[in-house]
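Student: I'll drop the sequence and a predicted model, then ask my questions.
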Amino acid sequence: MAKLEISFPYRTLSKQKAVAFGLVWAAFGAWMAMQLVAIFITLGHVYLTESASRLILELLFVFGSAAVYAYVPFRLATTCLQASSICANQDGLGLPGSVFGNSRWLPWSQLKVARETKGKVELEFNPGGTVKVDPKQISADDLEQFLLALEVWGQKGIWATSLIELRDQLQNKKAGLEDHSYTKMWEEELNRRFNSTTFIPLEPGYKLRSESFTIVKQLAFGGFSAVYLAEDSNRQQVVIKESVTNTDDATHAKALEFFKREAMFLGNLRHEQIAHVLDNFIEKGRNYLVLQYIPGDNLREYVRKTGALEEQKVLDLMTQMAGVLSYLHDQNPPIVHRDFTPDNLVLQPDGSIVVIDFGAANEYVGAATGTLIGKQCYMPPEQVRGKCAPSTDLYALGCTASFLLTGHDPEALTVCHPRLEKPAISVKTDTIISELTQQDSKKRMQSAQQLLTVLQGETPGELSLRSLEHHN
């Protein structure tokens, strides 16, 4: 079977920099020409008064200087300005040559760190040195493909938060999300709740819990938490969530107690559409939750492959999602998911969905580390401000339904009306989604059971009737 390989055009030097370099080199050439003229004048004198060996040395210097001066722009034209390309496959990364270096091939096994620095993607190989790729020289589609290749094939390397943010910005831009009003609110909340600490994710091969678990690869990390794919002692795959708290924080002990209580409580949950919490432990000051690994495409991956879904299929998925949330919210105390998005819902071959990360200790992570849990486009205003309730999950469900119907993320902090984009969507479905995504939590449906009642065609709530009359 042939290896999957990606390739896209890339110039190691932009046209603007090449022009600037050419001007500087021309000025240098003019100065050199004057020096050479002076040397030729001197040569005439040397020829008449000095030995032949002195003449030969002077000539060698003149022609050598001319050759070096001509070589640099030749090298510039043949390497930096030609349509070179970056290529990658499961074995490694191929990079074009530069003015002072030839093209090279770097295996993924040598990749240590991937980060974004001063607008460039910086890859640190050992051995191999540091490689810088300028996103401005790559189209948006090729850049997304490049970052995906890094994520899939360069899994042994550590992804810095800055590179994750670059990837998220690219995805938001493709979805039509530029700088919205929520950005300032988001940054203010992060600054208000941020606690400084050092967090370095675990590397593949690291052993946990007396070698009971082995880290296979990082699935995601940012802030003060990480998610890993791991294997247990029986070589069964599991997902491990890791979080780190600031030990100097006065609330650390209380947060730790909450973590233990919450992890134990979640471990007792049993629902066929929720990934089970298998274990929890604390090691070297870090807190871990071990969850059941559910293979398959999440809803985001599924929509990326198939496109927007038919309305009836979305309604069926909404009914399943409402059932899961009803189960979580009916616990005592209610469990609020906080991150009920397409990324955390896996579609099984039989059409059922499974929640792969149902917020195990998400409240703990948020309270103890100052990290906001959730994705911006799926978060209502109260969650951005650190307040959550069952209606917060219903908001995310509505946003997820809008994503499934349109094929792209909804606009943050905005009531969703997918029917405006796709008129074929029924008024009732559009009404249900708009009710779920109301910015005022009091105007939303207040329970998953109420949503189930509406979806199953029974008597809708008072708000639903009022909204339907407004549409009609």
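Tutor: On my side now, so go ahead.
Student: drop to CA atoms for contacts and neighbour counts, all remaining ones
Tutor: Will do.
Student: what's the burial count for residue 105?
Tutor: If you count neighbours by other Cα atoms under 10 Å, residue 105 ends up with 14.
Student: Tell me the helices and strands packed up against the longest strand anywhere in the chain.
Tutor: Determined from DSSP state E, the single longest strand within the chain is strand 213-222. On a contact count with 3 or more Cα pairs under 8 Å, 6 or more residues apart in numbering; DSSP states H and E, strand 213-222 meets helix 161-174, strand 207-208, strand 225-232.
Student: Where among those is average confidence lowest?
Tutor: For these, the weakest mean pLDDT is recorded on helix 161-174, namely a mean of 66.
Student: outside of the helix or strand that contains residue 242, which residues touch it?
Tutor: Here residue 242 sits within strand 237-244, counting by DSSP states H and E. Outside strand 237-244, the residues that touch it by Cα atoms under 8 Å, 6 or more residues apart in numbering are 199, 224-232, 285-293, 365, 369.
Student: Now with 7 Å, please.
Tutor: Residues outside strand 237-244 that contact it (Cα atoms under 7 Å, 6 or more residues apart in numbering) are 224-231, 286-293, 365.
Student: Within the sheet, what are the partner strands of that strand, with directions?
Tutor: Here strand 237-244 is paired, per DSSP bridges, with strand 225-232 (antiparallel), strand 286-292 (antiparallel).
Student: now the angle from it to strand 213-222?
Tutor: Strand 237-244 and strand 213-222 are oriented at 60 degrees to each other (axes from the mean of the first three to the mean of the last three Cα atoms, to 10 degrees).
Student: Quick check: mean pLDDT of strand 237-244?
Tutor: In this model, strand 237-244 carries a mean pLDDT of 87.
Student: Make TSV out of the strands paired with strand 237-244 and add mean neighbour count and distance to residue 420.
Tutor: Shown next, in TSV, are the strands paired with strand 237-244 (neighbours: other Cα atoms under 10 Å; distance: least, Cα to Cα, whole Å):
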stretch	mean neighbour count	distance to residue 420
strand 225-232	21	37
strand 286-292	21	39
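Student: which parts of the strand or helix carrying residue 450 are buried?
Tutor: Using DSSP H and E, the element containing residue 450 is helix 448-455. Going by neighbour count (16 or more other Cα atoms under 10 Å), the buried part of helix 448-455 is 448-452, 454-455.
Student: Kindly export it (C-alpha atoms) in CSV.
Tutor: Output of helix 448-455 as CSV, limited to C-alpha atoms (Å, rounded to 0.1, in the frame of the first residue of the first chain):
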residue,chain,number,x,y,z
ALA,A,448,-33.3,18.4,29.0
GLN,A,449,-36.5,16.6,29.8
GLN,A,450,-38.5,19.6,28.4
LEU,A,451,-36.4,19.4,25.2
LEU,A,452,-37.1,15.7,24.9
THR,A,453,-40.8,16.4,25.2
VAL,A,454,-40.6,18.9,22.3
LEU,A,455,-38.4,16.6,20.1
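Student: and it, what other elements does it pack with?
Tutor: Applying 3 or more Cα pairs under 7 Å, 6 or more residues apart in numbering; DSSP states H and E, one finds that helix 448-455 contacts helix 311-329.
Student: Can you name the residues in contact with the helix it packs on?
Tutor: 273, 334-336, 390, 401, 404-405, 425, 448-449, 451-452, 455.
Student: That one: what's the following helix or strand?
Tutor: Using DSSP H and E, the next helix or strand after helix 311-329 towards the C-terminus is strand 345-347.
Student: Can you identify the element that follows that following strand toward the C-terminus?
Tutor: Assigned by DSSP H and E, the successor of strand 345-347 is strand 353-355.
Student: For that following strand, enumerate the helices and strands it packs against.
Tutor: strand 345-347.
Student: The strand it packs on - what's its average pLDDT?
Tutor: Averaged across strand 345-347, the pLDDT comes to 94.
Student: which residues are in contact with that strand?
Tutor: So strand 345-347 is contacted by 296-299, 353-356 (Cα under 7 Å, 6+ apart).
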